[in-house]
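> sequence and predicted structure, then a few things I'm wondering about:
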Amino acid sequence: MTPLLIQNALVSFLEEHLSDLLMDGPVKAPGPPRIFRDALPPSLEDEEVYPFIIVRWLEGEDSVFEDSMETFALIVGVFGDDEAGGEYAAAVSGQWAMAVVTRLRRLLGENQILAGTYELQFPLRSQKAAPEKQQNRYLLATVTTKWSAPAPVQIMEA
């Protein structure tokens, strides 16, 4: 249940804090990235979802007396275009990816407690997808986050 609560809190946090981030998409006017849980909806075409952020749970870890740790990937999908007929589109999408990833890392660093309960653990890691998985105007990057969740309190009866 904890991963779902963290995922919901992350989605709400991103929707609130990125509502002013205006990004170009291939088929729509500039606007904030759409936030999705786990994956892109199969009912939408690729062009309809860019720009986006997917909040995907990767793994969790529990120990007996310590907080649980949940790892989430924030997968950023950006679109870059240019006025030179696409000649520099890869550079533009790369710049967008860096800008969004940097903003995510800054926002998370400034707001290390999520929903008053879950604590961000450092370091934050970010990376671009492998070059062979990139397209000229479309680029993916990931910010990997770890969150600690308080261990449940057990009441011992005497």
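Cool, the structure landed.

> secondary structure element for residue 143?
strand 138-149 (DSSP states H and E).

> buried ones in that strand, by neighbour count?
The neighbour-count check on strand 138-149 (16 or more other C-beta atoms under 10 Å) flags 138-143, 145-149 as buried. The way it works is simple: take the backbone N, C-alpha and C, and place the C-beta from them, glycine included.

> check stretch 112-124 too.
Going by 16+ other C-beta under 10 Å, stretch 112-124 has these buried residues: 114, 118, 124.

> so what strands line up beside the strand holding residue 143?
strand 68-79 (antiparallel), strand 118-128 (antiparallel) (DSSP bridges).

> returning to what we had before: go through the buried residues of stretch 112-124 and name the one nearest residue 44.
residue 114 (27.4 Å; C-beta to C-beta).

> spit out the contact partners of that closest one.
6, 9-10, 13, 120, 147 (C-beta atoms under 8 Å, 6 or more residues apart in numbering).

> switch to 10 Å and redo it
Listed by C-beta atoms under 10 Å, 6 or more residues apart in numbering, the contact set of residue 114 reads 5-6, 9-10, 12-13, 108, 120, 145, 147, 149.

> next one: residue 5
So residue 5 contacts 70, 114-115, 117-118, 147, 149 (C-beta under 10 Å, 6+ apart).

> let me see the mean pLDDT of stretch 103-119.
Here stretch 103-119 scores 96 as its mean pLDDT.

> okay, how far is it across it, tip to tip?
End-to-end distance of stretch 103-119 (C-alpha to C-alpha, to the nearest Å): 19 Å.

> repeat that for stretch 72-91.
Stretch 72-91: ends 27 Å apart by C-alpha to C-alpha.

> equivalent analysis for stretch 112-125, please.
Note: stretch 112-125 ends 15 Å apart using C-alpha to C-alpha.

> so the residue nearest to residue 49 when sequence neighbours are not counted is in which element?
If the residues on either side of it in the chain are set aside, residue 49 comes closest to residue 40, at 5.3 Å by C-beta to C-beta, 6 or more residues apart in numbering. For residue 40, there is no enclosing helix or strand under DSSP H and E.
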